[in-house]
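Student: build me a model:
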Amino acid sequence: MLKALHSDSTGEFELSGTCSELLALGRKLGSGRGEILLAKVSDPFPYARYLSRIEFQQASGKIRMSSSKDGETLEVAGRLESLSLLAENIEGFASEADQGDHLHVDYFPEHDYLAEGSGSLVVAIDSDAVQAS
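Tutor: The predicted model follows:
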(Lines give C-alpha, C1' and ligand atoms only; values in the text may rest on other atoms or scores of the structure.)
Protein backbone atom coordinates (compact mmCIF):
# COMPACT_ATOMS: atom_id res chain seq x y z
CA MET A 1 0.00 0.00 0.00
CA LEU A 2 1.26 3.49 -0.82
CA LYS A 3 2.63 5.62 2.02
CA ALA A 4 2.95 9.40 2.27
CA LEU A 5 4.96 11.42 4.77
CA HIS A 6 5.14 15.17 5.34
CA SER A 7 7.71 17.54 6.81
CA ASP A 8 6.06 20.50 8.49
CA SER A 9 9.33 22.46 8.54
CA THR A 10 10.21 22.14 4.83
CA GLY A 11 6.80 21.44 3.30
CA GLU A 12 8.25 18.36 1.55
CA PHE A 13 6.18 15.25 0.94
CA GLU A 14 7.50 11.73 0.41
CA LEU A 15 5.35 9.24 -1.44
CA SER A 16 6.53 5.63 -1.53
CA GLY A 17 5.26 2.31 -2.79
CA THR A 18 6.06 -0.60 -5.02
CA CYS A 19 6.56 -0.04 -8.75
CA SER A 20 3.10 -1.43 -9.49
CA GLU A 21 1.48 0.83 -6.85
CA LEU A 22 3.20 3.90 -8.27
CA LEU A 23 2.15 2.93 -11.81
CA ALA A 24 -1.46 2.64 -10.64
CA LEU A 25 -1.17 6.04 -8.94
CA GLY A 26 0.06 7.57 -12.20
CA ARG A 27 -2.90 6.15 -14.11
CA LYS A 28 -5.38 7.52 -11.55
CA LEU A 29 -3.64 10.88 -11.37
CA GLY A 30 -3.81 11.23 -15.15
CA SER A 31 -7.60 10.91 -14.96
CA GLY A 32 -7.76 14.27 -13.19
CA ARG A 33 -9.81 13.40 -10.11
CA GLY A 34 -9.68 10.85 -7.33
CA GLU A 35 -8.71 9.77 -3.87
CA ILE A 36 -6.32 7.07 -2.68
CA LEU A 37 -6.15 5.77 0.87
CA LEU A 38 -2.64 5.35 2.25
CA ALA A 39 -0.94 3.01 4.70
CA LYS A 40 -0.31 4.06 8.29
CA VAL A 41 3.34 4.51 9.20
CA SER A 42 4.43 3.81 12.78
CA ASP A 43 7.60 5.93 12.60
CA PRO A 44 7.62 8.66 9.93
CA PHE A 45 11.20 9.80 10.80
CA PRO A 46 12.83 11.91 9.37
CA TYR A 47 9.44 13.40 8.48
CA ALA A 48 7.01 14.82 11.05
CA ARG A 49 3.96 12.70 10.23
CA TYR A 50 2.27 10.32 7.85
CA LEU A 51 -0.77 11.19 5.73
CA SER A 52 -3.86 8.99 5.44
CA ARG A 53 -4.89 9.81 1.85
CA ILE A 54 -4.13 11.63 -1.39
CA GLU A 55 -6.85 13.69 -3.05
CA PHE A 56 -6.35 15.08 -6.52
CA GLN A 57 -8.58 17.23 -8.65
CA GLN A 58 -8.56 19.55 -11.61
CA ALA A 59 -8.14 23.25 -10.94
CA SER A 60 -6.86 26.20 -12.94
CA GLY A 61 -3.13 26.64 -13.36
CA LYS A 62 -0.15 24.50 -12.55
CA ILE A 63 -0.12 21.90 -9.78
CA ARG A 64 -0.11 22.89 -6.13
CA MET A 65 0.69 20.16 -3.63
CA SER A 66 -0.25 20.93 -0.05
CA SER A 67 -1.37 19.37 3.20
CA SER A 68 -5.03 19.66 4.14
CA LYS A 69 -6.04 21.83 7.09
CA ASP A 70 -6.41 18.75 9.29
CA GLY A 71 -2.95 17.54 8.22
CA GLU A 72 -4.28 14.16 7.09
CA THR A 73 -4.34 14.57 3.30
CA LEU A 74 -1.93 15.33 0.48
CA GLU A 75 -3.94 17.62 -1.78
CA VAL A 76 -2.87 17.81 -5.42
CA ALA A 77 -4.71 20.27 -7.66
CA GLY A 78 -3.98 21.64 -11.13
CA ARG A 79 -5.11 21.66 -14.73
CA LEU A 80 -5.46 18.26 -16.41
CA GLU A 81 -2.38 18.80 -18.62
CA SER A 82 -0.23 19.41 -15.53
CA LEU A 83 -1.67 16.42 -13.67
CA SER A 84 -0.97 14.29 -16.76
CA LEU A 85 2.67 15.43 -16.88
CA LEU A 86 3.16 14.56 -13.21
CA ALA A 87 1.49 11.21 -13.84
CA GLU A 88 3.83 10.51 -16.77
CA ASN A 89 6.87 11.35 -14.63
CA ILE A 90 5.73 9.02 -11.84
CA GLU A 91 4.91 6.22 -14.30
CA GLY A 92 8.22 6.62 -16.14
CA PHE A 93 10.13 6.54 -12.87
CA ALA A 94 8.23 3.49 -11.59
CA SER A 95 8.82 1.66 -14.89
CA GLU A 96 12.60 2.01 -14.68
CA ALA A 97 13.45 2.37 -10.98
CA ASP A 98 15.00 -0.13 -8.60
CA GLN A 99 14.29 -0.59 -4.90
CA GLY A 100 15.61 2.41 -2.96
CA ASP A 101 15.56 4.78 -5.98
CA HIS A 102 13.79 8.12 -5.70
CA LEU A 103 12.57 10.99 -7.87
CA HIS A 104 12.48 14.64 -6.75
CA VAL A 105 9.72 16.94 -7.98
CA ASP A 106 10.72 20.45 -6.92
CA TYR A 107 9.56 23.85 -8.13
CA PHE A 108 11.92 26.02 -10.16
CA PRO A 109 11.12 29.04 -12.36
CA GLU A 110 9.51 27.96 -15.65
CA HIS A 111 8.64 24.49 -14.27
CA ASP A 112 6.40 22.71 -16.78
CA TYR A 113 3.68 21.68 -14.35
CA LEU A 114 4.47 22.71 -10.76
CA ALA A 115 3.28 26.06 -9.36
CA GLU A 116 5.43 28.38 -7.30
CA GLY A 117 4.69 27.81 -3.63
CA SER A 118 3.83 24.15 -4.12
CA GLY A 119 5.24 21.62 -1.69
CA SER A 120 8.10 19.49 -3.00
CA LEU A 121 7.58 15.79 -3.61
CA VAL A 122 9.97 12.86 -3.31
CA VAL A 123 8.69 9.70 -5.00
CA ALA A 124 10.44 6.55 -3.77
CA ILE A 125 10.41 2.85 -4.44
CA ASP A 126 9.50 1.37 -1.09
CA SER A 127 12.55 -0.06 0.64
CA ASP A 128 10.24 -2.59 2.36
CA ALA A 129 9.07 -3.97 -0.99
CA VAL A 130 10.48 -7.30 -2.04
CA GLN A 131 11.14 -7.41 -5.76
CA ALA A 132 12.10 -10.41 -7.88
CA SER A 133 15.57 -10.28 -9.41
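
Student: going forward, measure contacts and count neighbours with C-alpha atoms only.
Tutor: Noted.

Student: for this structure, what spans make up the helices?
Tutor: Applying DSSP state H to the chain gives helices spanning 19-30, 80-96.

Student: so what sits opposite the residue nearest to the spatial centre of the chain in the bridge?
Tutor: Computing the C-alpha centroid of the chain and ranking residues by Cα atoms, centre = their mean puts Leu15 first, at 4.7 Å. Listed by DSSP bridges, the beta-bridge partners for Leu15 are Ala4, Val123.

Student: now do it against Ile125, distance only.
Tutor: Leu15 sits 9 Å away from Ile125, going by Cα to Cα, to the nearest Å.

Student: need the helices of the chain in CSV with mean pLDDT and distance to Glu55, can you?
Tutor: Shown next, in CSV, are the helices of the chain (pLDDT from 0 to 100; distance: least, Cα to Cα, whole Å):
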stretch, mean pLDDT, distance to Glu55
helix 19-30, 95, 9
helix 80-96, 96, 12
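
Student: now these as a markdown table including mean neighbour count and distance to Glu110?
Tutor: Output for these, formatted as a markdown table (neighbours: other Cα atoms under 10 Å; distance: least, Cα to Cα, whole Å):
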| stretch | mean neighbour count | distance to Glu110 |
| --- | --- | --- |
| helix 19-30 | 20 | 21 |
| helix 80-96 | 19 | 13 |
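
Student: in CSV, list these along with distance to Ser60.
Tutor: Output for the helices of the chain, formatted as CSV (distance: least, Cα to Cα, whole Å):
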stretch, distance to Ser60
helix 19-30, 15
helix 80-96, 9
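
Student: out of these, which gets nearest to Gly71?
Tutor: Proximity to Gly71 (Cα to Cα) singles out helix 19-30 among the helices of the chain, at 20.7 Å.

Student: and the angle for that closest one with helix 80-96?
Tutor: Counting by axes from the mean of the first three to the mean of the last three Cα atoms, to 10 degrees, helix 19-30 points 170 degrees away from the direction of helix 80-96.

Student: the residue nearest to the centre of the chain against Met1, yeah?
Tutor: No: using Cα atoms under 8 Å, Leu15 is not in contact with Met1; the gap is 10.8 Å.
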